[in-house]
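J.: Sequence unavailable; structure follows:
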């Protein structure tokens, strides 16, 4: 149907995962949560922008399940529920659907019970959910927020905005290192088309405004901006905001790529294949060199420290 929303989201995400999050050391709780959130993003765009028969309520339950899963993996993914609230207001909910939603809401109960058993809180370290250890949860939250805002010693005053300068000093290099080349690769075909075919910016502006900036797009963009603002104001560490930053890049560049696909499909298709092959080769090289680095340093792969394991066992 010549609708490329899912293609653009998938391509941008794949390039990001292979080119940026490409080492096994990154696969803790951060990346799996991002993958689940991207999948939610794909489901939303499919049902709103590309599904011809209109929306139904079934995909709402699927998104609700995945939102809970993303949150359980890492609580910083909690803002993904803002998309769910948007869909609830957009779709008519009847009594039967409310019962389904209530039933799905019971799924995290074992996880909550486990949290209470371990920490005394339903969700650690959110102090409002604590039955005991409230002071410890407040202190833990301060340590996380202080460190995320750039204070390695975790002693700064986080009640004012003086931390912004410290954050830029300590975190801006990481942000630039992560996104600069990625953004360059995504902007490069646009720059080429502007220079080579001399498209007028007025034409591009009118085309984007006329076709791509509809109400649903504006709402999703607004939710993403709100997510990024909350992330920056409360926990602006890179690993807490991977999905929010990436989704902002995707939604911001999507109209430009839709425009380029429309006016020069062959070039964009060829460029995408070239970049994908290049990034795949880079991914392979990066991980093989990492294995080689471990072999040179530890004489083994994977790096299992047998002496340390024996010491712990004897201890």
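T.: Received the coordinates, thanks. All values derive from a computational prediction rather than experimental measurement.

J.: who's in contact with residue 174?
T.: Going by CB atoms under 8 Å, 6 or more residues apart in numbering, residue 174 touches residue 238. C-beta coordinates here come from the backbone N, C-alpha and C atoms, glycine included.

J.: got the buried residues for stretch 187-194?
T.: Buried positions in stretch 187-194, judged by neighbour count with 16 or more other CB atoms under 10 Å: 189, 190, 193.

J.: Quick one: distance of it to the chain centre.
T.: 25 Å (CA atoms, centre = their mean, to the nearest Å).

J.: now swap in stretch 226-240 and tell me
T.: Using CA atoms, centre = their mean, the offset of stretch 226-240 from its chain centre is 11 Å.

J.: for it, how far is the first residue from the last?
T.: Its start and end residues considered, stretch 226-240 measures 15 Å (CA to CA, to the nearest Å).

J.: Please list the outside residues in contact with it.
T.: With CB under 8 Å, 6+ apart as the criterion, stretch 226-240 contacts 30, 76, 79, 82, 144-145, 147-149, 167, 171, 174-175, 178, 241, 244-245, 247-248.

J.: From residue 35, how far off is the most centrally placed residue in the chain?
T.: Note on the chain: the residue nearest the mean C-alpha position is residue 243, at 1.1 Å, using CA atoms, centre = their mean. The span separating residue 243 from residue 35 equals 9 Å under the rule CB to CB, to the nearest Å.

J.: related to what we said a few turns ago, sort out for me which of the buried residues of stretch 187-194 are in helices.
T.: Using DSSP state H, the subset of the buried residues of stretch 187-194 located in helices is 189, 190, 193.

J.: could I get those residues as a markdown table with pLDDT?
T.: Converted to a markdown table, these look like this (pLDDT from 0 to 100):
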| residue | pLDDT |
| --- | --- |
| 189 | 90 |
| 190 | 86 |
| 193 | 80 |
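
J.: between those, which is nearest residue 132?
T.: residue 190 (55.2 Å; CB to CB).

J.: residue contacts, that closest one?
T.: 256, 260.

J.: what stretches of the stretch 151-300 of the chain score poorly on pLDDT?
T.: 152-155, 197-213, 298-300 (pLDDT under 70).

J.: And the helices in it, which stretches?
T.: 163-197, 201-211, 215-234, 242-263, 265-298 (DSSP state H, counting those that start in this stretch).

J.: Could you pull out the buried residues of the fourth one?
T.: Across helix 242-263, burial judged by 16+ other CB under 10 Å covers 242-251, 253-261.

J.: just the last one next, same as before
T.: The neighbour-count criterion (16+ other CB under 10 Å) identifies 267, 268, 271, 272, 275, 279 as the buried residues of helix 265-298.

J.: Distance to residue 47 for these - can I get that in JSON lines?
T.: Shown next, in JSON lines, are the buried residues of helix 265-298 (distance: CB to CB, whole Å):
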{"residue": "267", "distance to residue 47": "30"}
{"residue": "268", "distance to residue 47": "25"}
{"residue": "271", "distance to residue 47": "29"}
{"residue": "272", "distance to residue 47": "24"}
{"residue": "275", "distance to residue 47": "28"}
{"residue": "279", "distance to residue 47": "29"}
